[in-house]
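# no sequence for this one, just the structure:
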């Protein structure tokens, strides 16, 4: 993956963390989801939340 500019990296970081938080909230709220869908949402929420850990923003020198 090509390096992201710092501005795009921050935007991607915020969006993935927000979506991860929404999925985790759905997984934890009683009555929102049932069965295996709860587990899938929880795992996807964590994965999205840490997705940008493995990306590096481009250095602007």
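Ah, there it is. The structure displayed is predicted, hence computed values, not measured ones.

# buried sites along stretch 10-26?
Across stretch 10-26, burial judged by 16 or more other Cβ atoms under 10 Å covers 13, 16, 17, 20, 23, 24, 26. All C-beta atoms are positioned from the backbone trio N, CA, C, and that covers glycine.

# residues in contact with stretch 43-60?
Stretch 43-60 is contacted by residues 1, 3-6, 8-10, 12-13, 16-17, 19-27 when judged by Cβ atoms under 8 Å, 6 or more residues apart in numbering.

# Counting neighbours, what do you get for residue 37?
Residues lying near residue 37 (other Cβ atoms under 10 Å) number 12.

# From residue 26, how far out is it?
Separation of residue 37 from residue 26 (Cβ to Cβ, to the nearest Å): 9 Å.

# Which secondary structure state is assigned to residue 53?
helix (DSSP: H, G, I helix; E, B strand; the rest coil).

# so the residue nearest to the spatial centre of the chain is in which element?
Residue closest to the mean C-alpha point of the chain, counted by Cα atoms, centre = their mean, is residue 48 at 2.5 Å. In this structure, residue 48 sits in helix 36-49 according to DSSP states H and E.

# For that helix, the averaged confidence score.
Mean per-residue pLDDT for helix 36-49: 92.

# distance between it and the chain's centre?
The chain centroid and the centroid of helix 36-49 are separated by 10 Å under Cα atoms, centre = their mean, to the nearest Å.

# likewise stretch 43-50?
Computed by Cα atoms, centre = their mean, the chain-centroid distance of stretch 43-50 equals 5 Å.

# can you list the buried residues of stretch 10-26 in a markdown table and add distance to residue 33?
As requested, the buried residues of stretch 10-26 are exported to a markdown table (distance: Cβ to Cβ, whole Å):
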| residue | distance to residue 33 |
| --- | --- |
| 13 | 26 |
| 16 | 20 |
| 17 | 20 |
| 20 | 16 |
| 23 | 10 |
| 24 | 12 |
| 26 | 6 |
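
# Which members of these are the farthest-apart pair?
Greatest spacing in the buried residues of stretch 10-26, by Cβ to Cβ: 13 and 26 (20.9 Å).

# Tell me what residue 57 is bridged to.
residue 4 (DSSP bridges).
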